[in-house]
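Undergrad: Sequence and predicted structure are below.
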2 protein chains.
Amino acid sequence: MKRITINQIYKKCNLINKIINIYGWIKNRRHSKSGISFIDIYDGSCSNIIQGIVKKNIINYNEVLKLTIGCSVNIIGVLILSHGKNQKYEIKINTIKVLGWIDSPNEYPISSKNNTLEFLRSIPHLRPRTNLIGSITRIRNNIFYSIHNFLQKKNYFWIPTPIITSLNSEGAGSMFHVSTLNKNQDNKDNNIHFIKKNFFGKKTFLTVSGQLTAEAYACAMTKVYTFGPTFRAENSNTTRHLSEFWMLEIEEAFSTLTDIIKLSNNIIKYIIKNILKNCNLELEFLYNKIDKNIFLRLENFLNSKITIIEYNDAIKILLKSKTYFKNSINFGIDLCSEHEKYLVNNYFNAPIFVINYPKNLKAFYMRLNNDHNTVAAMDFLVPNIGEIIGGSEREERKNFLKKRIVDLGLNKKDYLWYIDLRRYGSVPHSGFGLGFERLVSFITGIKNVKDVAPFPRTVNNVLC
Amino acid sequence: MKRITINQIYKKCNLINKIINIYGWIKNRRHSKSGISFIDIYDGSCSNIIQGIVKKNIINYNEVLKLTIGCSVNIIGVLILSHGKNQKYEIKINTIKVLGWIDSPNEYPISSKNNTLEFLRSIPHLRPRTNLIGSITRIRNNIFYSIHNFLQKKNYFWIPTPIITSLNSEGAGSMFHVSTLNKNQDNKDNNIHFIKKNFFGKKTFLTVSGQLTAEAYACAMTKVYTFGPTFRAENSNTTRHLSEFWMLEIEEAFSTLTDIIKLSNNIIKYIIKNILKNCNLELEFLYNKIDKNIFLRLENFLNSKITIIEYNDAIKILLKSKTYFKNSINFGIDLCSEHEKYLVNNYFNAPIFVINYPKNLKAFYMRLNNDHNTVAAMDFLVPNIGEIIGGSEREERKNFLKKRIVDLGLNKKDYLWYIDLRRYGSVPHSGFGLGFERLVSFITGIKNVKDVAPFPRTVNNVLC
């Protein structure tokens, strides 16, 4: 008999009074004195549980009485409409088979309802069994798929840009080394020996961005994107940083700062519309447990217009503000989290694009503006989170690009291939990067990105 | 004026006699003596080029005469139906703007029509400009999106399983080390010091598979998949191996070997149907240039039935064969590429599933059969490529799993979390892994996976 998921029960309307075959885990159970047991089963396919009713005349009722939260079962029974106020359906159980018991039920961490997020982080392999992490997983999946749907409908091509790279600086922080050397074998080796013996014949690192290689494809296919893991070896233990995180990066030939600002705004609105449409139960759960502001925040975002502000004007606003900031403000500083939050949450009370940053604050590949001091860059700042997207026009003029590489002390030899893109049929082009976990955090209202990544990697923290 | 892509010209029917705005690169140009120039433009959005016609009375006709292959241009003109036999449309050009010239056109490698695949591998940043790599890129994108569509329609949840792992063996070959230590700083350090100083507080590696962590989610959400880069530090310079490659891994609770065999067969058929439907021009290009067998191979696959053969029976067939094999055959050997090819191409002349391998050939997590000698594993072998999918039932019985971990000399402490999944509501479950580049190779007929990965990483080879 074909097994069906709880999601299918709720999606199909034609199963009433039919015998169905369900697999899942016990979420709750209670036994009445009259010899009826009620067991709530979840299978993760949706937010709903299904209640099963077992009568004491079933052959293994003694087992039913021993069931605890988390046991896995297979049940076969008749689906009926429920009179209970908490569920639409229930199952009159004919047979129940226990597939897996819980070793020492008192120690099973998921049976406690009062687990903190911090505690759940210590058991990343078990926490998907909670309603909270289950909801986040379904929403994250929906955001992920919406991103691909949006871009595929608009004919962007997905490019699997490489993770292992020999570029040791792309203007985005510290990198992890990749090697095959066993530390025991090479205590006495010097650096040159190390390089020669290494697997790839040169020093290699985990990429901080797929942008540069994506540009090579944009300069041939026009509209491309890459979406995969990226890495930062930074010792920053905040709620917004992971050592390993997914990043969406779009590169588009013949497009301008204005184009990518529109695109950024459209893609996030598209995602949020989809989440509101497809994940209503999950959002309601988060509304009840985590964030009373969740629907308002998402609706506000959908209703927001594009607000663009020059970096210089942002600094002026901050200088005029009477708020106390820990980090002092002057023209030329990078905006800190507190500054971003003031602008978005207090001053504009809306998401904003800050554009035209001083060139010294930004990476070598961003296009120099005519003032020769600023670059055609944009950061998209959203409420609570701050920067969620960063992008720019890319410097397509060979000589300007070369000068920036030299001025910043980068090794020109490493970038010859990148300069080639400007030697052969160079085109104006732009792109941006979107931090995936930050977007999930913004949408779910879960403040710490460690709770929206299934197995977060941070300093001193690699579990599973 | 809004720019449109060449793909849009061919998809929309209502642009005839309208003025359109196109950006792209010169694929070809010729100048008639009567003062008319014909320029073919591509933009990568599809296999089609669009021909533009420029008359000498245009203001910058002297520039037009200097155009070479690869130059980037913006043209505005009227779209008309073409009388030429090679194209459906052409553009009467009103204005043409040269955006980027080619430095030393004689040296521009893409202008030669006789570049070998080997040569193109040396310029991974420029080769997407060729028709061949452009076609592969569009097909690869379509395969990728088809995989997600197939799984999302069936309600599998995507899980971003981690790349950085502390597990140093999952039964799948050598691993790359990840560290933040600068080799210059630690010449005199011993191994313990190394570990303590490391970023994550323990030794870390690049993952060979997301399976184990995906299982944790299958044991809560029922149907999940992970699809991202995986790594092998193996010194094998073949047409089928990359150090970095994408792998689709599906894990499903309550599913059996039979279930995942059906699922494997269905997903590949779904993908091929989509490719035949959406990438016809690309397949025709490959048919003409690379592989006269391409349509036949794909149709044959669609028409194939599921053929399942026991490992023991496969060995018997090989022993009876009169073909000479380099690697000798007996019960207990792992099937080599030559054996797989004989079975698929010669004996069955069809894709086959080989099942129930000796346990010693397979990883610790595969479920022991009742004979206590074999495991409930399957390899899906396809023509020319050999193994494209490998999967199994996972050992859900705590004591069997523990014994295998101990027997194989693995460090049980590392796998406590994995054993937890069997201590708390364990369920029968199965899963498989699909090598993405091998699938692209199988579908396109491009023999070397280095040509279907945009920036392939292999021993001594990290370009860009």
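TA: Received it, and whenever you're ready, just let me know what you need. Residues are numbered from 1 along each chain as shown, chains lettered A, B, ... in the order given.
Undergrad: For the residue in the stretch 351-464 of chain A that chain B sits nearest to, give me the pLDDT.
TA: Closest residue of the stretch 351-464 of chain A to chain B, Cβ to the nearest Cβ: residue A:426 (3.6 Å). C-beta here means a position set from N, CA and C on the backbone, and glycine is covered the same way. Here, the pLDDT recorded for residue A:426 equals 98.
Undergrad: Domain map for chain A?
TA: For chain A, automatic domain parsing gives the domain ranges A:6-108, A:127-163+A:208-451, A:174-207.
Undergrad: could I get those domains as TSV with mean neighbour count?
TA: Shown next, in TSV, are the domains of chain A (neighbours: other Cβ atoms under 10 Å in any protein chain shown):
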stretch	mean neighbour count
domain A:6-108	17
domain A:127-163+A:208-451	19
domain A:174-207	17
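Undergrad: For the ones you listed, give me JSON lines that also has distance to residue B:431.
TA: Converted to JSON lines, the domains of chain A look like this (distance: least, Cβ to Cβ, whole Å):
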{"stretch": "domain A:6-108", "distance to residue B:431": "15"}
{"stretch": "domain A:127-163+A:208-451", "distance to residue B:431": "16"}
{"stretch": "domain A:174-207", "distance to residue B:431": "26"}
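Undergrad: which of the ones you listed has the lowest average pLDDT?
TA: The weakest mean pLDDT among the domains of chain A belongs to domain A:174-207, with a mean of 70.
Undergrad: End to end on that one, go ahead and measure it.
TA: Distance across domain A:174-207, first residue to last, is 10 Å (Cα to Cα, to the nearest Å).
Undergrad: now do stretch A:390-409
TA: Termini of stretch A:390-409 sit 23 Å apart (Cα to Cα).
Undergrad: how about the helices of chain A, start to end?
TA: In chain A, the helices defined using DSSP state H lie at A:6-11, A:61-66, A:117-121, A:131-153, A:191-197, A:211-221, A:257-278, A:280-289, A:294-303, A:311-320, A:337-341, A:398-407, A:416-423, A:436-444.
Undergrad: what's the closest of those helices to chain B?
TA: Chain B lies closest to helix A:211-221 among these, at 3.3 Å (Cβ to the nearest Cβ).
Undergrad: Who are the packing partners of the closest one?
TA: strand A:223-231, strand A:244-253, helix A:416-423, strand A:429-435, helix B:131-153 (3 or more Cβ pairs under 8 Å, 6 or more residues apart in numbering or on different chains; DSSP states H and E).
Undergrad: can you redo the ones you listed as a markdown table with distance to residue B:261?
TA: As requested, those are exported to a markdown table (distance: least, Cβ to Cβ, whole Å):
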| stretch | distance to residue B:261 |
| --- | --- |
| strand A:223-231 | 29 |
| strand A:244-253 | 31 |
| helix A:416-423 | 44 |
| strand A:429-435 | 38 |
| helix B:131-153 | 16 |
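Undergrad: Those: which one's closest to residue A:152?
TA: Proximity to residue A:152, assessed across the helices and strands packed on helix A:211-221 by Cβ to Cβ, is greatest for helix B:131-153 (5.2 Å).
Undergrad: Distance from the chain centre to the closest one, please.
TA: Centre-to-centre, helix B:131-153 and its host chain are 9 Å apart (Cα atoms, centre = their mean, to the nearest Å).
Undergrad: Is that helix in proximity to chain A?
TA: Yes. Helix B:131-153 comes into contact with chain A (Cβ under 8 Å from any Cβ of the partner chain), by way of B:133, B:134, B:137, B:138, B:140, B:141, B:144, B:145, B:148, B:152.
Undergrad: what's the angle between that helix and strand B:429-435?
TA: Angle of helix B:131-153 versus strand B:429-435, following axes from the mean of the first three to the mean of the last three Cα atoms, to 10 degrees, is 170 degrees.
Undergrad: just the angle between helix B:131-153 and helix B:436-444, please?
TA: 110 degrees.
Undergrad: Now do helix B:131-153 and strand B:223-231, the angle between them.
TA: Using the same axes, to 10 degrees: helix B:131-153 against strand B:223-231 is 150 degrees.
Undergrad: ok, and what's touching stretch A:389-399?
TA: Stretch A:389-399 has contacts (Cβ atoms under 8 Å, 6 or more residues apart in numbering or on different chains) with A:215, A:251, A:256-257, A:260, A:264, A:268, A:362-368, A:375-380, A:401, A:404, A:419, A:422-423, A:426-435, B:100, B:103.
Undergrad: returning to what we had before: so which of the helices of chain A gets nearest residue A:347?
TA: For the helices of chain A, the distance to residue A:347 is smallest for helix A:311-320, at 5.7 Å, taking Cβ to Cβ.
Undergrad: is it true that residue A:378 touches residue A:355?
TA: Yes. Between residue A:378 and residue A:355 there is a contact at 4.7 Å, judged by Cβ atoms under 8 Å.
Undergrad: tell me, what's touching those two both at once?
TA: Going by Cβ under 8 Å, 6+ apart, residues that sit against residue A:378 and also against residue A:355 are A:257, A:261, A:308.
Undergrad: any idea how far residue B:207 is from the second one?
TA: The one in question is residue A:261. 36 Å (Cβ to Cβ, to the nearest Å).
Undergrad: How about the first one?
TA: When distance is defined by Cβ to Cβ, residue A:257 is 37 Å away from residue B:207.
Undergrad: from what I can see residue A:254 touches residue A:219, true?
TA: No. Residue A:254 is beyond contact range of residue A:219, at 10.3 Å (criterion: Cβ under 8 Å).
Undergrad: who touches both of those two?
TA: Counting by Cβ under 8 Å, 6+ apart, the residues touching both residue A:254 and residue A:219 are A:427, A:429.
Undergrad: so residue A:46 makes contact with residue A:8?
TA: No. Contact between residue A:46 and residue A:8 fails when scored by Cβ under 8 Å: they sit 9.1 Å apart.
Undergrad: give me the number of residues near residue A:112?
TA: Residue A:112: 11 surrounding residues under other Cβ atoms under 10 Å in any protein chain shown.
Undergrad: For residue A:103, which non-adjacent residue is closest in space?
TA: residue B:423 (4.2 Å; Cβ to Cβ, 6 or more residues apart in numbering or on different chains).
Undergrad: rewinding a little: next, format the helices of chain A as CSV and append distance to residue B:350.
TA: CSV is the format used below for these (distance: least, Cβ to Cβ, whole Å):
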stretch, distance to residue B:350
helix A:6-11, 33
helix A:61-66, 46
helix A:117-121, 48
helix A:131-153, 32
helix A:191-197, 45
helix A:211-221, 35
helix A:257-278, 40
helix A:280-289, 44
helix A:294-303, 51
helix A:311-320, 63
helix A:337-341, 60
helix A:398-407, 53
helix A:416-423, 43
helix A:436-444, 41
